[in-house]
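1. Sharing a model that was predicted from the sequence below.
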Amino acid sequence: MEEKTDALPPIADFSAWYNEILRRAEIMDVRYPVKGLYVWYPFGFAIRKNTYNRLREILDVDHQETLFPLLIPDYEFMKEAEHIKGFEEEVYWVTHGGLSELDVKLALRPTSETAIYPMYALWVRSHADLPLKLYQIVNTFRYETKHTRPLIRLREITSFKEAHTVHCTWEEAAAQVEEAVRLYSVFYHDLGVPILISRRPDWDKFPGADYTIAVDCIMPDGKTLQIGTAHHLGTHFSKTYNITYEDTAGEQQLAYQTCYGISERCIASVISVHGDDTGLVLPPLVAPVQVVIIPIIIGKRRDEVMAAAETLAVDLKALGIRVELDTRDMRPGAKYYHWELHGVPLRLEIGPRDIDAGTIVAVDRFKEKRQIRSVNEVIPLLDEIQATISQHAEDAASGKITICSGIEEIKVAVESGVAVASWCGDRGCSDLIEAETDASLLGSDLRGPHAEKLGGVGCVVCGKVGKAALIGRSY
Ligand code: 5CA
Ligand code: ZN
């Protein structure tokens, strides 16, 4: 489907690259006639399937999957004041059934607290029912007014994984928020996407939360993308939805809750963080095609080469590898281009000379060429490629993080990446940083090596005791 005549824009021109790669690598079709709604091509959907299989695997260890309705009655939606305020401008309402106006307006879920928690009130009876840890992967609707973008800012989020947990105490819920952050760290580690973990400022937390921990990645243009959040909900919702349990002394107690979510932004991050001027670079874990076999047909040994290529494909499939044998009647060079664009981690070439020598030519997505002698070398090779992809991403991310000790340094840093600087926690200082740098104070209590390197210096504005804050421009 891709056109070979005009080149892919360089990834340095990130916006243009992103739009083109979605089309050329057949991930999303943006031609659907409703703003903010996009269509998954089968190849994109296969990336989604592999990615979400991994996410499910991680959650299924101690969560249960569930499925709640899309429609929420207005009287349930309108119960928790902060939550209503946070979402009122983003909710789509169903007001009619056929020609008759509905007695009870129905909200299309923008997220499912108000669908799930009335049922939790019925399900949670005693301390023995807790902790309760459920999740669902569903579509949600948000009438976003900021610039919509495929996989990044959608009006129909098609792949919203939301987990909702219930606990006996505030501390247990806080520990679950940490556990959610750990699970997300494992998930993004597996995708090779480096993440920054920080606490959203109070004025930026989820509507109805005690606090929000966010996971961000840095895109090739230096802007950040929030690719996951975990919220401590305290008793905000259990009070309004009457989620109580009987404790060991027979007393009714309010339950403590958390929720944490990830959307198809996780796929946007994989595409963007790993991609290069040639196209997609997919970690083997999520690549729809992990190995492509290209038969090199010269002269009269065609049948022999085809047979060897087919045997190779069968052997690789038997090892559980997702393999594609490309027998199309095209120049090998055109095939290479096609599969590189689609991010295939490893290409195997087999021709008459290889058959004679008992070898196979293996070329990874970084065009590194080797000779292998057995299919058993392929899985270790894929593992190596997975590690190389992660390392490249790690290096690129590190290069975009600057530790700053003053406003002027922050100004420079956010032009091409993010700044880490000390902040005292006051709104006034944050407002000043944002006004001076034209960037956002994304989070405080930044974790990881960059925060440690900053040490115990004072707030960049007022000099008072401060902690590591993450400052940048975000999608
Ligand atoms: N109920 C909670 C957690 S399940 C919740 O809705 N949190 S959220 O609003 O922060 O959304 C969770 C994640 O979904 C965000 O961190 C972000 O990565 C992603 N997300 C939010 N809005 C959109 C959108 N319009 N398009 C794509 N992804 C989105
Ligand atoms: Zn300050």
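-> Yep, that arrived. Numbers count the residues shown, from 1 in each chain. Ligands and ions are numbered 1, 2, ... in the order given.

2. tell me which residues of whichever strand or helix holds R48 are tucked away?
-> If you go by DSSP states H and E, R48 is part of helix 42-59. Buried residues in helix 42-59, defined by neighbour count with 16 or more other C-beta atoms under 10 Å: 43-48, 50-52, 54-55, 59. Where you see a C-beta, it was placed from the backbone N, CA and C, and this is true even at glycine.

3. Helix or strand next in line after that helix, which one?
-> Beyond helix 42-59 on the C-terminal side, the first helix or strand identified by DSSP H and E is strand 64-65.

4. Quick one: list the elements packing against that next one.
-> Counting contacts by 3 or more C-beta pairs under 8 Å, 6 or more residues apart in numbering; DSSP states H and E, strand 64-65 is packed against strand 132-141.

5. Please save the CA atoms from the helix or strand following the strand it packs on in PDB.
-> Moving toward the C-terminus from strand 132-141, the next helix or strand (DSSP H and E) is strand 156-167. Output in PDB follows, covering the C-alpha atoms of strand 156-167 (Å, rounded to 0.1, in the frame of the first residue of the first chain):
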ATOM      1  CA  GLU A 156     -13.200   7.700  21.300                       C
ATOM      2  CA  ILE A 157     -10.400   6.100  23.200                       C
ATOM      3  CA  THR A 158     -10.700   2.600  21.800                       C
ATOM      4  CA  SER A 159      -8.200   0.800  24.100                       C
ATOM      5  CA  PHE A 160      -8.800   2.200  27.600                       C
ATOM      6  CA  LYS A 161      -7.500  -0.200  30.300                       C
ATOM      7  CA  GLU A 162      -8.900   0.900  33.600                       C
ATOM      8  CA  ALA A 163      -8.300  -0.900  36.900                       C
ATOM      9  CA  HIS A 164     -10.400  -0.200  39.900                       C
ATOM     10  CA  THR A 165      -9.400  -1.500  43.400                       C
ATOM     11  CA  VAL A 166     -11.000  -1.400  46.800                       C
ATOM     12  CA  HIS A 167      -9.100  -1.700  50.100                       C
END
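
6. Just confirm A107 is within a strand.
-> Yes: under DSSP: H, G, I helix; E, B strand; the rest coil, A107 sits within a strand.

7. for it, what are its contacts?
-> 71-74, 77, 91-94, 114 (C-beta atoms under 8 Å, 6 or more residues apart in numbering).

8. Over to F237?
-> Applying C-beta under 8 Å, 6+ apart to F237 gives the contacts 80, 83, 113, 117, 208, 243, 257.

9. Over to A268?
-> 150-152, 225, 227.

10. Please repeat the previous calculation with a cut-off of 6 Å.
-> Neighbouring residues of A268 by C-beta atoms under 6 Å, 6 or more residues apart in numbering: 151-152.

11. which SS class is it?
-> At A268 the chain is in helix, as set by three-state DSSP.

12. number of nearby residues for whatever residue of the stretch 101-250 of the chain ends up closest to ligand 2?
-> In the stretch 101-250 of the chain, the residue that lies nearest ligand 2 is P201 (12.7 Å; C-beta to the ion). Counted by other C-beta atoms under 10 Å, the residues lying close to P201 total 19.

13. For the residue sitting furthest away from the middle of the chain, give me its contacts.
-> What lies farthest from the middle of the chain is K300; by C-alpha atoms, centre = their mean that is 48.9 Å. Residues near K300 by C-beta under 6 Å, 6+ apart: none.

14. Give the closest residue to A439 in space, chain neighbours not counted.
-> V414 (4.1 Å; C-beta to C-beta, 6 or more residues apart in numbering).

15. ok so, going back, now render the contacts of F237 as CSV, adding pLDDT.
-> Shown next, in CSV, are these (pLDDT from 0 to 100):
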residue, pLDDT
E80, 88
H83, 89
E113, 97
Y117, 98
G208, 93
I243, 98
Q257, 98
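
16. of those residues, closest to ligand 1?
-> Ligand 1 lies nearest to E113 out of the contacts of F237, by C-beta to the nearest ligand atom, at 5.9 Å.

17. Relative to K105, how far out is that closest one?
-> Separation of E113 from K105 (C-beta to C-beta, to the nearest Å): 18 Å.

18. Of those two, which one has the most company?
-> Neighbour totals were compared for E113 and K105, and E113 leads with 30 against 18 (other C-beta under 10 Å).

19. What sits closest to that one if chain neighbours are left out?
-> Leaving aside its sequence neighbours, E113 sits nearest to F237 (C-beta to C-beta, 6+ apart; 5.9 Å).

20. Kindly report the same for L233.
-> Leaving out its chain neighbours, the residue that sits closest to L233 by C-beta to C-beta, 6+ apart is Q257, at 4.1 Å.

21. Surely that neighbour is in contact with V166?
-> Yes: counting by C-beta atoms under 6 Å, V166 is a contact partner of Q257 at 5.4 Å.

22. For the residue nearest to L233, give me its contacts.
-> 166, 233, 237-238.

23. Among those residues, which one sits closest to G428?
-> Using C-beta to C-beta, L233 comes nearest to G428 of the contacts of Q257, at 28.1 Å.

24. got the residues of the stretch 51-200 of the chain near ligand 2?
-> By C-beta under 5 Å from the ion, no part of the stretch 51-200 of the chain sits against ligand 2.

25. Next step: the contacts of A107 restricted to helices.
-> With DSSP state H as the criterion, helices contain 74, 77, 114 from among the contacts of A107.

26. Now for the residues you listed, which sits with the most neighbours around it?
-> Among these, the one with the most neighbours (other C-beta under 10 Å) is T114, at 26 neighbours.

27. re the thing from before, which residues does the residue nearest to L233 bridge with?
-> With DSSP bridges as the criterion, Q257 is bridged to V166, G234.

28. So it versus ligand 2, what's the distance?
-> For Q257, the distance to ligand 2 (C-beta to the ion, to the nearest Å) stands at 32 Å.

29. Next up, the contacts around the residue positioned nearest the centre of the chain.
-> Geometric centre of the chain, nearest residue: C266, 1.4 Å, by C-alpha atoms, centre = their mean. The neighbourhood of C266, defined by C-beta under 6 Å, 6+ apart, consists of I227.

30. If we use 7 Å, what do you get?
-> Shown in contact with C266 (C-beta atoms under 7 Å, 6 or more residues apart in numbering): 51, 191, 227.

31. Over to the closest residue in space to the first one that isn't next to it in sequence. Which of the three states is it?
-> Spelled out, it's T51. Excluding the flanking residues, the one nearest T51 by C-beta to C-beta, 6+ apart is V286, at 4.9 Å. What three-state DSSP gives for V286 is coil.

32. Check whether V286 really touches Y52, as I assumed.
-> No: between V286 and Y52 there is no contact under C-beta atoms under 7 Å: 9.5 Å.

33. for A7, phi and psi?
-> Phi and psi for A7, reported as degrees, to the nearest 10, are phi -70, psi 150.

34. Burial check on it, number of neighbours?
-> Counted with other C-beta under 10 Å, the neighbours of A7 add up to 10.

35. residues in contact with it?
-> The contact partners of A7, taken as C-beta under 7 Å, 6+ apart, number zero.

36. Report pLDDT for it.
-> Looking at A7, its pLDDT reads 89.

37. now do G456
-> Model confidence at G456 (pLDDT) stands at 86.

38. How many residues are close by it?
-> G456: 8 neighbours (other C-beta under 10 Å).

39. if we can go back for a sec, how confident was the prediction at the residue nearest to E113?
-> For F237, pLDDT reads 97.
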